[in-house]
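Engineer: Mind looking at a prediction? Sequence and model below.
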Amino acid sequence: MKIVVIGGVAAGMSAAARARRLSESAKIVVLERSRYVSFANCGLPYHIGGDIQDREQLVLQTPQTLAESLNLDVRIGHEVVAINTAEKTIVVRELDTGIKYFEAYDKLVLSPGAKPIRPPLAGIDHPRIFTLRNIEDMDLIKSNVDEGVSRVVVIGGGYIGIEMAENLRHRNVEVILVELAEQILSASLDPEMARDMQYHLQYHGVQLKLGTAASSFEDKDGKVLVHLNDGSSVESDLVMLAVGVRPDVGLLKDTGIALGPRGGIQVNVHMQTSDPDVYAAGDAVEVKDTITGNDALIALAGPANRQGRIAADHIFGRYSTYQSTQGTAIVKVFEMTGGATGATEKTLKQQKIDFRKVYLHPSGHASYYPGTAPMHIKLLFAPENGRILGAQVVGYDGVDKRIDVFATALRGNMTIYDLEMLELAYAPPYGSAKDPVNMAGFIASNMLKGDIEFWYAEDYPAITEGSMIIDVRGTKEYETWHVPEAINIPLGKLRSQLDKLPKDQPLFLYCRVGFRSYLAHRILVQSGFSKVKTLAGGSKTFCSFHRTPLCTGRPGIPFVPHAEEKLAEQAKDSTCA
């Protein structure tokens, strides 16, 4: 059997390597139009920024090493320009010579990947406007930065844009990040979850222009003048375009191979296209979204590698299937980390999928052990059975561990009740006896069981009209900042004030992160108050929704990263937030 693989990075090389492990006799040809195969494309921004200093660390394999270890015929600088599915041949152009030749196949694996979007704007072809897709792009961008640039405009606040902004700041370059949405990382995080990362970018000197788009570009003495849709202009030494990617499927024109509704290659669960002898894998294929069941384009390295493996399995008669992609992703933003899996609240609302949500702010590990800080967790789940629909985590330490546990639970169709029961590794430097994942399950199950009722920051102020808002934090916390119109009754004094509270009026409680107000909620409900709700996520989540003027005091609110349980146990007028 002869297998030809088009594309030699994640999906393509996974397919080729797996095919060799399954058959020593098969002839396997890999055609890659760039000069590199099996390179670590996710590491490209970090070489530009200097975290990865040795460029060769990104080149994981070469045609020579692949020939020696796997007996693969890997040809770099070879571009496939046509496919004839009837004759089962392809036309290949050798880029160095321009010579074209035919290559026959028994099975064909397509892994052309996705290409960066270059919007049709005036001046978009300026030579100092770059995209980042491969090693050659990285080398070109880095050489320009090495020669000396003072300012770069990064267009796009997704993963590549954020990573490039961080790494350019590592090089002491002034960075202006332009993003059309009103938030960064809008594909993975909801607005309130992205807020702290936006503050962190600004803290590190990245200028954010959210809700703004580039409208055109022009040359100004060799530099790029970027015109924005708000009427302003920014002069830049170079521009990084990171506005997204689209499947690179131009090669499939006139082949008869079907594309899906989103413009990607349509495949079945075995990664077969509409032609049974042609497979496809990676960023160019359409997948099923795990939560919505809709066709989706999700460009991630992990799914691409698994898809390539499944294609090879099926070629050799093994029953492997690819079911769906849940979009698990993570990003480093200086000292912070943000991760997500499953659906966002935005997506669930768009798809009219019923859900419930909770927020919490636990520490990354035991609060008494040095080196931790609070994280912000958002858990989305189905109201009828508690099935996990999505999770988002933002913080400093332990974010990766928690998002991976949530991702595993989601993939296993687990519920919030299962999260309560998970037995996770604990020692003070690594976690807590009640891990943040367990805590998310406790809070969510309390909600579905009726032990607590929440009100949400985005519903303020309409939801609290005609009601009493009670801040159960300490007096000094209250004086530093509080929700407008709230009265202050510290938790330790609540029981003595019960006779002064109206039982026929709704009571809306809040504290810093939600624990003290939960205790207050239980006191009030068990004391005969029936109209009681507590603020989900406390004032920390509230201030992620409501920026100025409601939370103008937010940067000055003191925070000591100790568990709020300790404050509640003290049951006194604490000054710790």
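Structural biologist: Nice, I can see it.
Engineer: Tell me how far the residue lying farthest from the centre of the chain lies from F529.
Structural biologist: Here the centre of the chain is the reference, and by C-alpha atoms, centre = their mean the most remote residue is D499, at 48.3 Å. Separation of D499 from F529 (C-beta to C-beta, to the nearest Å): 12 Å. Quick note: C-beta positions are derived from backbone N, CA and C, even for glycine.
Engineer: Ramachandran angles for F406?
Structural biologist: The phi/psi pair for F406 (degrees, to the nearest 10) reads phi -60, psi -40.
Engineer: number of nearby residues for it?
Structural biologist: Per other C-beta atoms under 10 Å, the neighbour tally for F406 reads 27.
Engineer: Same question for R262.
Structural biologist: 15.
Engineer: so it sits right up against D289, yeah?
Structural biologist: No: here R262 does not reach D289: they are 10.6 Å apart, not a contact under C-beta atoms under 8 Å.
Engineer: Mutual contacts of the two, please.
Structural biologist: 295-296 (C-beta atoms under 8 Å, 6 or more residues apart in numbering).
Engineer: In what element of secondary structure is I310 found?
Structural biologist: helix 301-315 (DSSP states H and E).
Engineer: So what touches that helix?
Structural biologist: Applying C-beta under 8 Å, 6+ apart, the contact partners of helix 301-315 are 1, 3, 10-16, 18-19, 22, 41-42, 107, 109, 111, 270-272, 279-283, 285, 287, 319-322, 325, 328.
Engineer: Surely V437 forms part of a strand?
Structural biologist: No: checked against DSSP: H, G, I helix; E, B strand; the rest coil, V437 lies outside a strand; its state is helix.
Engineer: Contacts only, for the nearest residue to it once chain neighbours are set aside.
Structural biologist: Take V437 and drop its neighbours on the chain: the residue closest to it by C-beta to C-beta, 6 or more residues apart in numbering is V405, 4.9 Å away. Contact analysis of V405 by C-beta under 8 Å, 6+ apart lists 422, 424, 437.
Engineer: if we can go back for a sec, which of the contacts of helix 301-315 are buried?
Structural biologist: 3, 10-16, 18-19, 41, 107, 109, 111, 270-272, 279-283, 285, 287, 320, 322, 325, 328 (16 or more other C-beta atoms under 10 Å).
Engineer: Just the ones in strands from those residues, please.
Structural biologist: 3, 107, 109, 279-280, 287 (DSSP state E).
Engineer: Looking at these, spot the one nearest N385.
Structural biologist: Set against N385, the nearest of those by C-beta to C-beta is V287 (24.8 Å).
Engineer: Now do that closest one against A299, distance only.
Structural biologist: Distance, V287 to A299, by C-beta to C-beta: 10 Å.
Engineer: Poorly predicted segments of this structure, please.
Structural biologist: Applying pLDDT under 70 to the chain picks out residues 548-577.
Engineer: on that earlier part again, mind putting the ones in strands among the buried ones among the contacts of helix 301-315 in a markdown table, distance to D354 included?
Structural biologist: Formatted as a markdown table, these follow (distance: C-beta to C-beta, whole Å):
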| residue | distance to D354 |
| --- | --- |
| I3 | 46 |
| K107 | 44 |
| V109 | 40 |
| Y279 | 37 |
| A280 | 34 |
| V287 | 24 |
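Engineer: Of the residues you listed, just say which sits nearest to L70.
Structural biologist: I3 (12.3 Å).
Engineer: hey, what's that closest one bridged with?
Structural biologist: For I3, the beta-bridge partners are I28, K107 (DSSP bridges).
Engineer: hmm, back to that, out of the ones in strands among the buried ones among the contacts of helix 301-315, which is nearest to Q266?
Structural biologist: Distance to Q266 across those (C-beta to C-beta) is lowest for A280, with 8.4 Å.
Engineer: Now do the contacts for the closest one.
Structural biologist: Counting by C-beta under 8 Å, 6+ apart, A280 has contacts 109-111, 265, 267, 271, 273, 311.
Engineer: What's opposite it in the beta bridge?
Structural biologist: L110.
Engineer: which residues does the closest residue in space to G123 that isn't next to it in sequence contact?
Structural biologist: Counting by C-beta to C-beta, 6+ apart, F217 is the residue found nearest to G123 once chain neighbours are left out, at 3.2 Å. Residues near F217 by C-beta under 8 Å, 6+ apart: 121-124, 126, 129, 224-227, 239.
Engineer: what does L259 give?
Structural biologist: L259 neighbours (C-beta under 8 Å, 6+ apart): 249, 252, 265-266.
Engineer: which residue packs closest to T85, ignoring adjacent ones?
Structural biologist: Computed as C-beta to C-beta, 6+ apart, the closest residue to T85 that is not its neighbour in sequence is D275, at 5.1 Å.
Engineer: Run a quick neighbour tally on that neighbour.
Structural biologist: For D275, the neighbour count with other C-beta under 10 Å is 17.
Engineer: Tell me how far it lies from I162.
Structural biologist: 38 Å.
Engineer: buried set for the helix holding I310?
Structural biologist: The neighbour-count check on helix 301-315 (16+ other C-beta under 10 Å) flags 301, 303-315 as buried.
Engineer: Helices of the stretch 301-450 of the chain, residue ranges please.
Structural biologist: Under the criterion DSSP state H, counting those that start in this stretch, the stretch 301-450 of the chain contains helices at 301-315, 345-350, 399-411, 416-421, 436-449.
Engineer: Save those as CSV, and put in distance to V393 too.
Structural biologist: Shown next, in CSV, are the helices of the stretch 301-450 of the chain (distance: least, C-beta to C-beta, whole Å):
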stretch, distance to V393
helix 301-315, 18
helix 345-350, 14
helix 399-411, 5
helix 416-421, 13
helix 436-449, 8
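Engineer: M197 is nearest to which of those?
Structural biologist: Checking those against M197 by C-beta to C-beta gives helix 399-411 as the closest, at 11.0 Å.
Engineer: Helices of the stretch 151-300 of the chain, start to end?
Structural biologist: According to DSSP H, counting those that start in this stretch, the helices that the stretch 151-300 of the chain contains are 159-170, 191-203.
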